[in-house]
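Trainee: Predicted structure and sequence below. I'll ask about it afterward.
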Amino acid sequence: MALIVMKFGGSSVSNAEKIKHVAKRIVEKEKKGNKVVVVVSAPGDMTDDLISLAEGVTERPDEREMDMLLATGEQASIALLSMAIKHLGWNSISLTGPQAGIYADTTYTKARITKIVPTKVHKELNSGKIVIVAGFQGLNPNRDITTLGRGGSDLTAVALAAALKADSCEIYTDVDGVYTTDPRIVPNARKIEYISYDEMLEMAGSGAQVMQARSIEVAKKFGVQIHVRSTFSNNQGTIIKGDEKLKSWRKKMEDVVVSSVTYDKNQVKFTMLGVPDRPGIAAVMFGALAKGGINVDMIIQSAPRAKYNDISFTVTKSDLKKANEILKKVKAKLNAEAVVYDDNIAKVSIVGVGMRSHAGVASKMFNVLANAKINIDMISTSEIKISCAVKQDQVSRAVAQLHKAFKLHK
Ligand code: ADP
Ligand code: ASP
Ligand code: MG
């Protein structure tokens, strides 16, 4: 008897019809003699709607209360889905993250899972029930419910699959796999059959919303193989697995230098102007941001003019207000001239393991953008990724041009 974790995203449970469809898919799995644990996200855009509601009440919602609010979205889904399964004549039970034994740290709104004690999950499975767990949430040491960062239901699914030593982890969504780029932007994007954790991690980290980046970190750490597939078809999707398991693919993958193009419109660029050029400045600035739980992405420091520098970097838009408050204090402390931000930017990236051993990939990317008259604002690289910040209204064109130039549609 196999144990299967099935995760359904918000777009798969956005109305009663879809919830009934998902219930049928779950029952089909159970009928085949599997034990099934389901992880589900909040219906449709509910999380976004709850955030807007909170921001209508106060400019800077308290983070503990925000978690209390956002966790309700997933709670609606688990109850509705369990009702739909029972209606089909099967036995099921809905569990919140805390009930499922998911423990997290105290970083409200983007907590990390610290441990999973799935005693109740096992007990309910052993009594023959389909177990439906709320994604995106856990219990912190203050006994508060907390959320795991946007897209966090993917993380719940992967972490549960690891803790339960599940035989498979299936992520059901509104696309039938991971594509060479977002199929909503480039209609001739191609479905990728197999992808390594490292590439998927870079894709997710640079904006490919289809999987949450932290879920891939956990999958890599515990060797959880993931199948990303469609809720609405039976097509084979994309398998995400370790590099070493991709050996037979390696030859082919090395021929393919760039395997995907990603974009992220959820970025904002801060610039600290006129910072004194002396040791320790960056440590103070980025230390304060890190203490506030803010991740910094691309960083540029200009060459000093008359002993002063400008330092620019990007953060995600949801951190804008918090980062601005922190940076105003840092500005005063460092005696800098000013802190400004620009939220009219977006990041476009190319990803591929083949980049490790190929020269000239960056210059090709820059040429493609230059020929399309797209100005590059910032650049950052990793071993298998190159990212450029560009103007927001040019990013879709940048994605399409790069997808074409690197022949990803073929
Ligand atoms: P869910 O609600 O199931 O969690 P998401 O909206 O989080 O689904 O993720 C699925 C969406 O990710 C797709 O609708 C697609 O537009 C987007 N996406 C972005 N990049 C990619 C990519 N490279 N491959 C597949 N989908 C992508
Ligand atoms: N509902 C949460 C979000 O919208 C978690 C998820 O969908 O994975 O981010
Ligand atoms: Mg998602």
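Mentor: Yes, it's here. Numbering: from 1, shown residues only. Ligands and ions are numbered 1, 2, ... in the order given.
Trainee: Residue numbers of the protein in contact with ligand 2?
Mentor: Counting by Cβ under 6 Å from any ligand atom, the positions of the chain adjacent to ligand 2 are 9-10, 41-42, 47, 73, 135-136, 150-154. (Each C-beta comes from the backbone N, C-alpha and C, glycine too.)
Trainee: One more pass at 8 Å, please.
Mentor: Residues of the chain found near ligand 2 (Cβ under 8 Å from any ligand atom) are 9-10, 41-42, 46-48, 70, 73-74, 135-136, 147-156, 212.
Trainee: Buried ones only from these, please, as a ChimeraX command.
Mentor: Here is the ChimeraX command that selects only those of the residues of the chain next to ligand 2 that count as buried (16 or more other Cβ atoms under 10 Å):
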select :9,10,41,42,46,47,70,73,74,135,136,147,148,149,150,151,152,153,154,155,156,212
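Trainee: Cross the residues of the chain next to ligand 2 against helices and list the overlap.
Mentor: If you go by DSSP state H, the residues of the chain next to ligand 2 have 46-48, 70, 73-74, 152-156 in helices.
Trainee: nearest to residue 294, of those?
Mentor: Nearest to residue 294 out of those is residue 152 (Cβ to Cβ; 17.4 Å).
Trainee: just the residues of the chain next to ligand 2 that are near ligand 1?
Mentor: When the residues of the chain next to ligand 2 are filtered against ligand 1 using Cβ under 8 Å from any ligand atom, the residues retained are 9-10, 41, 151, 153-154, 212.
Trainee: now the residue nearest to the spatial centre of the chain, nearest residue through space, not along the chain?
Mentor: With distances taken as Cα atoms, centre = their mean, residue 212 lies nearest the centre of the chain, 2.4 Å away. Distance criterion Cβ to Cβ, 6 or more residues apart in numbering; nearest residue to residue 212, sequence neighbours excluded, is residue 151 at 3.4 Å.
Trainee: can you give me the strands in the stretch 151-300 of the chain?
Mentor: Listed in chain order, the strands of the stretch 151-300 of the chain (DSSP state E, counting those that start in this stretch) span 168-173, 194-196, 226-230, 238-241, 260-264, 267-276, 299-301.
Trainee: what about dumping the CA coordinates of stretch 285-295 to CSV?
Mentor: Provided in CSV are the C-alpha atoms of stretch 285-295 (Å, rounded to 0.1, in the frame of the first residue of the first chain):
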residue,chain,number,x,y,z
MET,A,285,22.8,48.2,6.4
PHE,A,286,22.2,44.6,5.4
GLY,A,287,22.5,43.5,9.1
ALA,A,288,19.6,45.7,10.0
LEU,A,289,17.5,44.3,7.1
ALA,A,290,18.4,40.7,8.0
LYS,A,291,17.4,41.3,11.6
GLY,A,292,14.0,42.5,10.3
GLY,A,293,13.7,39.2,8.4
ILE,A,294,14.1,40.9,5.0
ASN,A,295,15.9,39.0,2.2
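Trainee: What residues does the stretch 151-300 of the chain have near ligand 3?
Mentor: Proximity of the stretch 151-300 of the chain to ligand 3 is confined to residue 151 under the rule Cβ under 5 Å from the ion.
Trainee: Alongside ligand 1, which residues does the stretch 151-300 of the chain contribute?
Mentor: The stretch 151-300 of the chain has residues 151, 153-154, 171-175, 177-185, 189, 192, 203, 207-212, 228, 231, 260, 262 near ligand 1, with proximity defined as Cβ under 8 Å from any ligand atom.
Trainee: Recalculate using a threshold of 6 Å.
Mentor: Near ligand 1, when you scan the stretch 151-300 of the chain using Cβ under 6 Å from any ligand atom, you find 151, 173-175, 178-179, 181-182, 184, 208-210, 260.
Trainee: picking up where we left off before, winner for burial among the strands of the stretch 151-300 of the chain?
Mentor: Burial among the strands of the stretch 151-300 of the chain, expressed as mean neighbours by mean count of other Cβ atoms under 10 Å, is greatest for strand 260-264, which shows a mean of 26.
Trainee: And that one, what does it pack against?
Mentor: Strand 260-264 is packed against helix 197-205, strand 345-351, helix 395-405, with contacts defined by 3 or more Cβ pairs under 8 Å, 6 or more residues apart in numbering; DSSP states H and E.
Trainee: out of those, deepest packed?
Mentor: Among the helices and strands packed on strand 260-264, strand 345-351 has the highest mean neighbour count (mean count of other Cβ under 10 Å), at a mean of 26.
Trainee: Could you check the angle that strand makes with helix 395-405?
Mentor: 20 degrees (axes from the mean of the first three to the mean of the last three Cα atoms, to 10 degrees).
Trainee: List the pairing partners of strand 345-351 within its sheet, with orientation.
Mentor: Based on DSSP bridges, the strands next to strand 345-351 in the sheet, each with its direction, are strand 260-264 (antiparallel), strand 385-391 (antiparallel).
Trainee: would JSON lines of these with distance to residue 242 be doable?
Mentor: Below are the strands paired with strand 345-351 laid out as JSON lines (distance: least, Cβ to Cβ, whole Å):
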{"stretch": "strand 260-264", "distance to residue 242": "18"}
{"stretch": "strand 385-391", "distance to residue 242": "18"}
